[in-house]
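K.L.:
Sequence isn't available, so here's the structure alone:
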């Protein structure tokens with residue numbers, strides 16, 4: 001997975017775009033961010049970013065700094081769809 005990031009005081013500080021299923025998606029906002037780990041030194045610290053793309057779809061991106069690797073959870077549509085006309 002390819003993720004483009006802004007780097008400030010640390011590397012890969014904030015994602016700005018990513019490629020998912022062959023499509024480049026631009027990020028218009030970080031909805032939420034959190035991390036997991038650090039209390040147990042045997043586990044790597046994972047940074048999570050809930051992002052919104054220009055299409056209005058939200059994704060959760062996970063960054064593993066130990067392996068410099070990104071992963072994505074399936075995105076969700078901003079509004080529920082109705083099958084009834």
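P.N.:
Looks like it arrived, so ask away. The structure presented is a predicted model; accordingly, all values stated were derived computationally and were not measured.
K.L.:
all contacts plus neighbour counts: C-alpha atoms, from now on.
P.N.:
Noted.
K.L.:
Give the pairing partners of the longest strand anywhere in the chain; include direction for each.
P.N.:
Longest strand in the chain, counting residues (DSSP state E): strand 23-36. Within its sheet, and counting by DSSP bridges, strand 23-36 is paired with strand 14-20 (antiparallel), strand 46-53 (antiparallel).
K.L.:
Look up which residues are beta-bridged to residue 4.
P.N.:
Beta-bridge partners recorded for residue 4 (DSSP bridges): residue 17.
K.L.:
Touching, it and residue 15? I think so.
P.N.:
Yes: in this structure, residue 4 sits in contact with residue 15. The criterion is Cα atoms under 8 Å, and the distance is 5.8 Å.
K.L.:
So, low pLDDT: which residues of this structure?
P.N.:
Scanning the chain with the threshold set as pLDDT under 70 gives 39, 74-85.
K.L.:
Relative to residue 41, how far out is the spatially most central residue of it?
P.N.:
For the chain, the residue lying nearest the average C-alpha position, counting by Cα atoms, centre = their mean, turns out to be residue 61 (2.2 Å). When Cα to Cα, to the nearest Å is the yardstick, residue 61 and residue 41 sit 22 Å from each other.
K.L.:
How about the contacts made by the closest residue to residue 26 other than its chain neighbours?
P.N.:
When the adjacent residues along the chain are set aside, residue 26 lies closest to residue 17, with 4.3 Å between them (Cα to Cα, 6 or more residues apart in numbering). Under the criterion of Cα atoms under 8 Å, 6 or more residues apart in numbering, the neighbours of residue 17 are 3-5, 24-27.
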